[in-house]
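Enquirer: Sequence first, then the predicted structure:
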Amino acid sequence: MTVAQTTDSSPGTGIPPGLTKFAVETAAEAMFTVSDDGFILNVNQIACERLEYSKDELVGLHVADVDPHYPRERWPAHFKELRQLEKMNFETQHRAKSGRVFDVEVSVGYLKFDGVEYACSWVRDISRRVEVEKLLRLQREVLAKIATTSGDQTGTLDTLCRLVEGLVPDAMVTVMLLNREDDVLWFAAGPGLTPAVCDAFEPLKPSETGGSCGSAVCLRRPVIVSDTRTSPHWRELQHIVDEFNLFACWSIPIFDEQDEVLGTFAISYTREAAPTDFQLQILEMASSLVSIAMGRQRSEQQLQVAHNELAHFNRQSTMGEMASGLAHELNQPLMAMVNEAYVLEMLCEQNSPPYDALCERASNIREQALRAGDIVRSMRTLAKKQVPSRARVDVEGIVGRVLKIMEPDLRGHGIRVKRTSASDCTFASVDKVQIKQVLINLIRNAIDALQDVDQSQRELEVVTSCRGADEFAIRISDNGPGIPFDDPRRVFDAFHTTKPDGMGLGLTICQSIAEAHRGRLEVQHGQPRGAAFSLFLPVDHGEIGEQS
């Protein structure tokens, strides 16, 4: 932008009075007027406050003195680009006089006045927004790790420590867990740990003089020590301070859902250091994430113990087979409730949790609990060899509901679903809970089979149709590797499975359910590959009351 000269410049500054007035009036954000060679000519008051300089100190500095990303040698190219574009918007960082670096958003315009070129910048402090984004990214990545790994607590905690070390440079991040039998703390994770550090600390007895971590467990509150050499909490550990130059340590206790202390999450430095508000928030979030990870592992261990016990009993009697089927079917709603409860807990820990999100999570937990109860009642009926509690239901509606339940798993595994409905005979007389479990089992098996297929090629097809006037068919097929037997009906044999961790009972139970409904379950090799399961059910022409 070129501006014609209309008045004299302000004496001694070379800055037009209009620009000076603009700087004074734009007090909401920092404003800088910079020469074509990168030196600061004028600033407003808020720029001085944010950078911790007086105006006299700032004027005359080079941009490189306040922006570490624009060294002097880069300025000519930067200004040339500005001259061509006239306006630029970008994010960078400013460095205050104290050395504090914070994130900013810059809007800069090119101005030519009386043959002299200037850069006029408006700078907004976005450090809080960037901090929130970093916290959310930390939360998202760790929760994803928790959700996609099973039984790897050490790997999850190490990942958390590495992510936090990326947010607090030059720090050592550790997790210590409490051994309740011995009442001592041991290191569970810490990328920067060395055998010497472990040997120096372990085992650590919780006490008010047992360092930041020992004190945090003993006092059940955060213990923030900026200088370990003078802190009473480190009185008994001064030999460790001297040996490893461990001069600052901030520790926060980790609690489980029963408010019992599990251990501590800590950030340590080899220099004196007091935490910022952002770093305190990192500590709090990391502590909650460790609690979630450990809760997930405990739940998995409890489920695994239950599964193992049921699997042993399965091989002793038919009732054992039904019990294993019950555990198999209950696993999904139970894990769904566990994960929803973890997310609900995280939302509740926010200062102002979104009401709609809380209601949605609570509703999901209630729905999954009701579904688990229906499964228990349905499996009890099957175990007693009783006739299913049938009612006239819209089978198309059952198929749609099952696809909605399984949609997150299908989407998470990159599976495209093709749904085809060519049926005019949509009603059947069935126990809708048992039929749902059959369809869920078949879709879950397809998801497992498709893991060996490139994600871009994974497909699942669900087709409903009439077979004559008296039979309804639901066909579920995939393009996975298929069934490794010449006779695919072998998949219905009890205890016969192709899965490394399978019990070989799911399809046996599905077949029993189909037969109990006077229907049948058939399997075929897919064309050209994969497997296709078809569930046939008698059509209800209206003699039984419709089930809501």
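Expert: Received, thanks. As the structure is a computational prediction, the values presented were derived from the model and not from experiment.

Enquirer: Which of the three states applies to Val463?
Expert: Three-state assignment for Val463 (DSSP: H, G, I helix; E, B strand; the rest coil): strand.

Enquirer: partners of the longest strand along the chain, with directions?
Expert: As assigned by DSSP state E, the longest strand anywhere in the chain is strand 101-113. Strand 101-113 sits in its sheet next to strand 2-3 (parallel), strand 87-95 (antiparallel), strand 116-125 (antiparallel), going by DSSP bridges.

Enquirer: mind listing the helices for the stretch 251-400 of the chain?
Expert: Taking DSSP state H, counting those that start in this stretch to define them, one finds helices in the stretch 251-400 of the chain at 277-314, 318-348, 355-383, 395-412.

Enquirer: what's the least confident stretch among the ones you listed?
Expert: Mean pLDDT per stretch puts helix 318-348 lowest among these, at a mean of 66.

Enquirer: Of the strands paired with strand 101-113, which stretch is the most buried?
Expert: strand 116-125 (a mean of 19; mean count of other Cβ atoms under 10 Å). All C-beta spots, glycine's among them, are computed from the backbone N, C-alpha and C.

Enquirer: Low-confidence ranges, the protein, go.
Expert: 1-27, 150-151, 300-332, 351-353, 373-389, 422-425, 484-506, 541-548 (pLDDT under 70).

Enquirer: can you list the domains in it?
Expert: 2-125, 130-292, 315-383, 391-538 (automatic domain parsing).

Enquirer: How about the contacts made by Gln368?
Expert: Counting by Cβ atoms under 8 Å, 6 or more residues apart in numbering, Gln368 makes contact with 333-334, 336-337, 340.

Enquirer: Just give me the closest of those residues to Val399.
Expert: Distances from Val399 to those, taken as Cβ to Cβ, are shortest for Pro333 (18.9 Å).

Enquirer: Give the burial count for that closest one, as a bare number.
Expert: Around Pro333 there are 20 other residues, counting by other Cβ atoms under 10 Å.

Enquirer: For it, give its distance to Ser477.
Expert: Relative to Ser477, Pro333 is positioned 26 Å away (criterion: Cβ to Cβ, to the nearest Å).

Enquirer: what does Glu257 give?
Expert: Distance from Glu257 to Ser477, counting by Cβ to Cβ: 42 Å.

Enquirer: again with Thr154
Expert: Counting by Cβ to Cβ - Thr154 and Ser477 are separated by 40 Å.

Enquirer: thinking again about what came up before, put together CSV for the strands paired with strand 101-113, with distance to Val261 on each row.
Expert: What follows is the strands paired with strand 101-113, written out as CSV (distance: least, Cβ to Cβ, whole Å):
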stretch, distance to Val261
strand 2-3, 66
strand 87-95, 38
strand 116-125, 38
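
Enquirer: ok, now how distant is the closest residue in space to Val173 that isn't next to it in sequence from Glu117?
Expert: Spatially, and ignoring its direct neighbours in sequence, Val173 is nearest to Cys161 (4.3 Å; Cβ to Cβ, 6 or more residues apart in numbering). Distance from Cys161 to Glu117, counting by Cβ to Cβ: 49 Å.

Enquirer: my guess is Cys198 contacts Phe187, does it?
Expert: Yes. At 5.6 Å, Cys198 and Phe187 qualify as touching, with contact defined as Cβ atoms under 8 Å.

Enquirer: Out of these two, name the residue with the larger neighbour count.
Expert: Using other Cβ under 10 Å, the more surrounded residue of Cys198 and Phe187 is Phe187, with 18 against 13.

Enquirer: show me what contacts the more buried one?
Expert: Phe187 makes contact with 174-176, 193, 198, 201-202, according to Cβ under 8 Å, 6+ apart.

Enquirer: beta partners for Tyr110?
Expert: Residues in a beta bridge with Tyr110, per DSSP bridges, are Ala119.

Enquirer: residues in contact with it?
Expert: Here Tyr110 is in contact with 1, 82-83, 85-87, 117-119 (Cβ under 8 Å, 6+ apart).

Enquirer: And for Thr159?
Expert: Counting by Cβ under 8 Å, 6+ apart, Thr159 touches 141-142, 145.

Enquirer: please redo it, this time with the cut-off set to 6 Å
Expert: Going by Cβ atoms under 6 Å, 6 or more residues apart in numbering, Thr159 touches Lys145.

Enquirer: so which helix or strand takes in it?
Expert: Of the helices and strands defined by DSSP states H and E, Thr159 is found in helix 153-167.

Enquirer: still on that earlier bit, quick check: which of the strands paired with strand 101-113 is nearest to Leu507?
Expert: strand 87-95 (55.5 Å).

Enquirer: Between helix 153-167 and the helix or strand just after the helix holding Thr159, find me the angle.
Expert: Scanning forward in sequence from helix 153-167 by DSSP H and E, the next helix or strand is strand 172-179. Interaxial angle, strand 172-179 versus helix 153-167 (axes from the mean of the first three to the mean of the last three Cα atoms, to 10 degrees): 150 degrees.

Enquirer: List the buried residues in strand 172-179.
Expert: Buried residues in strand 172-179, counted by 16 or more other Cβ atoms under 10 Å: 172-178.

Enquirer: Which one of those is nearest to Pro538?
Expert: Distances from Pro538 to the buried residues of strand 172-179, taken as Cβ to Cβ, are shortest for Leu177 (57.1 Å).

Enquirer: okay, now the nearest residue to that closest one once chain neighbours are set aside: neighbour count?
Expert: Spatial nearest neighbour of Leu177, chain neighbours left out: Gly263 (3.8 Å); criterion: Cβ to Cβ, 6+ apart. Look at Gly263: counted by other Cβ under 10 Å, it has 28 neighbours.

Enquirer: Also Ala531?
Expert: Number of residues near Ala531 (other Cβ under 10 Å) recorded here: 22.

Enquirer: before we move on, what about Gln457?
Expert: Applying other Cβ under 10 Å, we find 12 residues neighbouring Gln457.

Enquirer: Specify the beta-bridge partners of Phe472.
Expert: Here Phe472, judged by DSSP bridges, has bridge partners Cys466, Leu537.

Enquirer: If you count neighbours, what's buried in the helix or strand harbouring Ile240?
Expert: Element membership of Ile240 [criterion: DSSP H and E] is helix 238-244. Buried residues in helix 238-244, counting neighbours by 16+ other Cβ under 10 Å, are found at 240-241, 244.

Enquirer: quick one: the nearest residue to Ile513 once chain neighbours are set aside and Ile398, what's the gap?
Expert: In this structure, Ile513 finds its nearest non-sequential neighbour in Gln434, 4.8 Å apart by Cβ to Cβ, 6+ apart. Remark: distance between Gln434 and Ile398 (Cβ to Cβ) = 10 Å.

Enquirer: more crowded one of those two?
Expert: Between Gln434 and Ile398, Gln434 has the larger neighbour count (other Cβ under 10 Å), namely 26 against 21.

Enquirer: The more buried one belongs to a strand?
Expert: No. Read with three-state DSSP, Gln434 is helix and lies in no strand.

Enquirer: I'd say it and Ala514 touch.
Expert: No. Look at Gln434 against Ala514 with Cβ atoms under 6 Å: they stay out of range, at 9.2 Å.

Enquirer: Could you report the neighbour count for Ala216?
Expert: Residues contacting Ala216 under the criterion other Cβ under 10 Å number 30.
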